[in-house]
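*Asks:* Okay, predicted coordinates and the sequence, questions at the end:
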Amino acid sequence: MNFRRSVHVDNRYRRRPSVGFMPTIEVVRKDHLAPGAVTQGIRRDRAFEDEDVVMARSQIAVGTISAWHHHGARHLYGYLVSGRLRFDYGQDGKEAVELAPGDFFHIPAGLVHRDVNASPSEVAVVVNVSVGTGPAVVNVSET
């Protein structure tokens, strides 16, 4: 196959095929992520967004207890890359699950929760995929 150089288009790098139509592999470099939905204490950066899928990186700062929120009609699937993370949820926020690096998780659509990074020294970094329609994040005032 004869490929031309890579081109930078809309935060994605694509190789241009020289003949016909061919699927391409999209790449978004870490310094080209787009700002995502905002919740107090969580920085979200989007890599890809389609009608029913958002792929992002979230960073939860040291000592953060985020605002209560949910993901509307979307399911959130994630992987904790680094740091430690706790999700508080359930009746009056009394339920909790703790994650260590390498753990995967799923937050069902509509489940109100908050992200907690109790570490005094390490930012928690999560790669996540949100699947469904509607807003990616809905902030709420209480559980």
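*Replies:* Alright, I've got the coordinates. The model shown is predicted, which means the values in this text are computed figures rather than measured ones.

*Asks:* Give me the neighbour count for Arg29.
*Replies:* 11 (other C-beta atoms under 10 Å). (Each C-beta comes from the backbone N, C-alpha and C, glycine too.)

*Asks:* meant to ask about Val62, not that
*Replies:* The burial count for Val62: 13, using other C-beta under 10 Å.

*Asks:* How about the secondary structure of it?
*Replies:* coil (DSSP: H, G, I helix; E, B strand; the rest coil).

*Asks:* What segments of this structure are helices?
*Replies:* Here the chain has no helices by DSSP state H.

*Asks:* quick one: contacts for Lys30?
*Replies:* Arg57 (C-beta atoms under 8 Å, 6 or more residues apart in numbering).

*Asks:* Show me how the record splits this protein into domains.
*Replies:* Here the domain parsing of the chain from automatic domain parsing is 1-28, 33-139.

*Asks:* Worst mean pLDDT among these?
*Replies:* The minimum mean pLDDT among the domains of the chain belongs to domain 1-28 (a mean of 61).

*Asks:* Find the nearest non-adjacent residue to Arg44, please.
*Replies:* What sits nearest to Arg44 in space, not counting adjacent residues and going by C-beta to C-beta, 6 or more residues apart in numbering, is Gly36, at 3.3 Å.
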